[in-house]
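Trainee: this is a predicted model, with the sequence first.
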Amino acid sequence: MKYLAPTTVDEALEVLRGDPTSQVFAGATDLIPQIRAGRPEPAVLIDLKRIKRLVGLNHNNAKWVVGAATPTSTITANEAFIAAFPGLTEASGLIGSDQIQNRSSWGGNLCNASPAADSVPALIANNAYVVVASNSGERTVKVADVVVAPGRTSLRADEFVVEFLLDDPPPHSADAYLRLIPRTEMDIAVVGAAAAVTLQGNQIAKARIVLGAVAPTFVRVHEAEAALTGQTINDNTLAAVAQAARCAANPIDDKRGTIEYRRQVAGVLAKRAVILAAQRAQGAS
Ligand SMILES: Cc1cc2nc3c(=O)[nH]c(=O)nc-3n(C[C@H](O)[C@H](O)[C@H](O)COP(=O)(O)OP(=O)(O)OC[C@H]3O[C@@H](n4cnc5c(N)ncnc54)[C@H](O)[C@@H]3O)c2cc1C
């Protein structure tokens, strides 16, 4: 296996043009275990972490630009980012251990395309976009449109994610992410639920609710969002959120939980994520 560490996006694209079977990576926290488990080794591995544009966070003109290979521990240590996106910070901070987080990236979490990836529901709830580079130029894509099936993305073989784009949340907004795992540390989600809400007085003006690990791809729970919009948080609206989340979930049976259990937990976590996001939004300026 050949290892290359380009220092610019163009250099990385040149390698991809020369050998379309080459593969980009950032932290390799998914890639190495997968190769060890028997996945075919790519002939050329392209390390993205030496490309300056892909590592770091910038906040300008009410927009966040986060390099696709930025270690998640760098993101979760940024005070301004934590204040703007407490839920997305929580989601990113749940990935593996401290050691994993010093390597793992949002780009890898997204492009590994696991339905249980923790940062992705929170990115979708916050309406994040990615900038994707290829030899024919750059395009901007919704994070929600990247994962198309377990292990498969909508990206072409000659494309990679350069950075994530997030707008500052509007006033009186906040997010939350909750997940259930079968033990206290280092496992993947049985269910993950992200909520982002904007308040107007004590009513919900806007809500986005996204589930992970309960279907082949991430599930936006539009019915729960509709049940909340223009309403206060009360027993009826929360029951509607839970019911909509249970119905939207289309999970599998496996060693981490049955279909019935996952559906039930999806309802509970969606409801709790909405409550937490709304409490935070009440305190937000
Ligand atoms: C012990 C352990 C615990 C873990 N726990 C969790 C957990 O709790 N929650 C969770 O969500 N994940 C978990 N993971 C999985 C993994 O750590 C995350 O998915 C992580 O975010 C992957 O990032 P990475 O940079 O290491 O990806 P890599 O391994 O470098 O890449 C993963 C995939 O994405 C592709 N890729 C990487 N960057 C890009 C890019 N910029 N553009 C296009 N394609 C790209 C690679 O080609 C590869 O196919 C765990 C892994 C381990 C080993």
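Mentor: Alright, I've got the coordinates.
Trainee: please count neighbours and contacts with C-alpha atoms only from this point.
Mentor: Fine.
Trainee: tell me the residues on the stretch 51-200 of the chain that lie near the ligand, please.
Mentor: 68-69, 94-96, 100, 103-109, 111-112, 117-118, 160-162, 186-188 (C-alpha under 6 Å from any ligand atom).
Trainee: just the ones in helices from these, please.
Mentor: 100, 106, 107, 108, 109, 111 (DSSP state H).
Trainee: who's in contact with the third one?
Mentor: Contacts here follow C-alpha atoms under 8 Å, 6 or more residues apart in numbering; on that basis residue 107 touches 26, 68, 69, 161, 163.
Trainee: cool, the fifth one as well?
Mentor: By C-alpha under 8 Å, 6+ apart, the contact set of residue 109 is 117, 118, 119, 120.
Trainee: excluding its backbone neighbours, what's nearest residue 157?
Mentor: Leaving aside its sequence neighbours, residue 157 sits nearest to residue 20 (C-alpha to C-alpha, 6 or more residues apart in numbering; 6.4 Å).
Trainee: same check, this time on residue 193
Mentor: Distance criterion C-alpha to C-alpha, 6+ apart; nearest residue to residue 193, sequence neighbours excluded, is residue 211 at 4.6 Å.
Trainee: phi and psi next, for that neighbour.
Mentor: With angles defined as degrees, to the nearest 10, residue 211 sits at phi -110, psi 150.
Trainee: the chain: helices as residue ranges?
Mentor: 9-18, 31-36, 72-75, 79-84, 86-93, 98-101, 106-111, 119-125, 222-228, 235-248, 259-283.
Trainee: with distance to residue 137 and mean pLDDT added, can I get those in CSV?
Mentor: CSV is the format used below for the helices of the chain (distance: least, C-alpha to C-alpha, whole Å; pLDDT from 0 to 100):
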stretch, distance to residue 137, mean pLDDT
helix 9-18, 10, 95
helix 31-36, 26, 96
helix 72-75, 27, 98
helix 79-84, 29, 97
helix 86-93, 29, 98
helix 98-101, 30, 96
helix 106-111, 18, 98
helix 119-125, 24, 98
helix 222-228, 33, 98
helix 235-248, 36, 98
helix 259-283, 37, 96
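Trainee: and these, which is most packed in?
Mentor: Most buried of these by mean neighbour count (mean count of other C-alpha atoms under 10 Å) is helix 119-125; its value is a mean of 29.
Trainee: residues making contact with it?
Mentor: 87-88, 91-92, 95, 106, 109-110, 143-144, 175-177, 192-196, 208-212, 218.
Trainee: before we move on, what about stretch 238-252?
Mentor: 211, 213-216, 219, 221, 223-225, 227-228, 258-259, 262-268, 270-271.
Trainee: same question, stretch 88-103
Mentor: 26-29, 71-76, 81-82, 104, 106, 118-119, 122-123, 175-178, 185-187.
Trainee: with stretch 32-50 instead?
Mentor: Contacts of stretch 32-50 (C-alpha under 8 Å, 6+ apart): 1-8, 12, 15, 19, 21-27, 54-55, 69-70.
Trainee: right, I'll call it a day here.
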